[in-house]
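Participant: Structure for this input, please:
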Amino acid sequence: MSSFIGKDSESIFTAISNALAPAGASREEAIARRAVNEALEVLYEQVLLADGDLTKLDQMGTQEIAQALQASVSSYIYQRWLAELEVVLEKKAISANQAVRYERDMRVYIQECVELDMQGIDVLNMDWNGQAGQQFIDKIFTEAYRILEDSQ
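Facilitator: Numbering: from 1, shown residues only. Below is the predicted model of the structure:
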């Protein structure tokens, strides 16, 4: 990701999406695309709230790329978890009210886990397509899934 410093947001988010979505895995690709769209929306909102200058998105620096990556990874894990919540809800293993509560709480939990786990890691040079990136994502997803599993 460090090679994208100074590039436009579209290129950066395409690279993030490609890093998170394994080739040929349609369910994973859909989840990754939703996650990137959600992260892009957050990024646009942050820029608009700060000063409204969207041209800043055309030359993203290290900090902005790291924030975009953090938002994308958080959203990707959350979207994967949400797909599992849908399965649990379809099986009627939990009530709709419980699902809504878990949905709200888990978004925050996952965001906080990603933020904490990214501290001290060079996220721009991490191979998100490789084993290290997958382990990072799987660790947090597994923790979140266990919480859901324990609720049934």
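
Participant: Quick one: residues contacting the residue nearest to Gln79 when sequence neighbours are not counted.
Facilitator: The spatially closest residue to Gln79, leaving aside those adjacent along the chain, is Ile31, at 4.4 Å (C-beta to C-beta, 6 or more residues apart in numbering). For the C-beta atoms, the positions are set from N, CA and C on the backbone; glycine is no exception. Counting by C-beta atoms under 8 Å, 6 or more residues apart in numbering, Ile31 touches Ala21, Tyr76, Gln79, Arg80, Ala83.

Participant: Export whichever strand or helix holds Leu116 to CSV, keeping only CA atoms.
Facilitator: According to DSSP states H and E, Leu116 maps onto helix 96-118. Extracted C-alpha coordinates of helix 96-118, given in CSV (Å, rounded to 0.1, in the frame of the first residue of the first chain):
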residue,chain,number,x,y,z
ALA,A,96,-34.6,-10.1,15.8
ASN,A,97,-34.2,-7.8,18.8
GLN,A,98,-31.0,-9.6,19.9
ALA,A,99,-29.7,-9.4,16.3
VAL,A,100,-30.2,-5.7,16.2
ARG,A,101,-28.4,-5.2,19.5
TYR,A,102,-25.5,-7.5,18.4
GLU,A,103,-25.3,-5.7,15.0
ARG,A,104,-24.9,-2.3,16.7
ASP,A,105,-22.5,-3.5,19.4
MET,A,106,-20.3,-5.6,17.1
ARG,A,107,-19.6,-2.8,14.7
VAL,A,108,-18.0,-0.8,17.5
TYR,A,109,-16.3,-3.9,18.9
ILE,A,110,-14.7,-4.7,15.6
GLN,A,111,-13.6,-1.1,14.9
GLU,A,112,-11.9,-0.9,18.3
CYS,A,113,-10.2,-4.3,17.8
VAL,A,114,-8.9,-3.3,14.4
GLU,A,115,-7.6,0.1,15.7
LEU,A,116,-5.9,-1.6,18.7
ASP,A,117,-4.4,-4.4,16.7
MET,A,118,-3.1,-2.0,14.0
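
Participant: I am finished for the moment; much appreciated.
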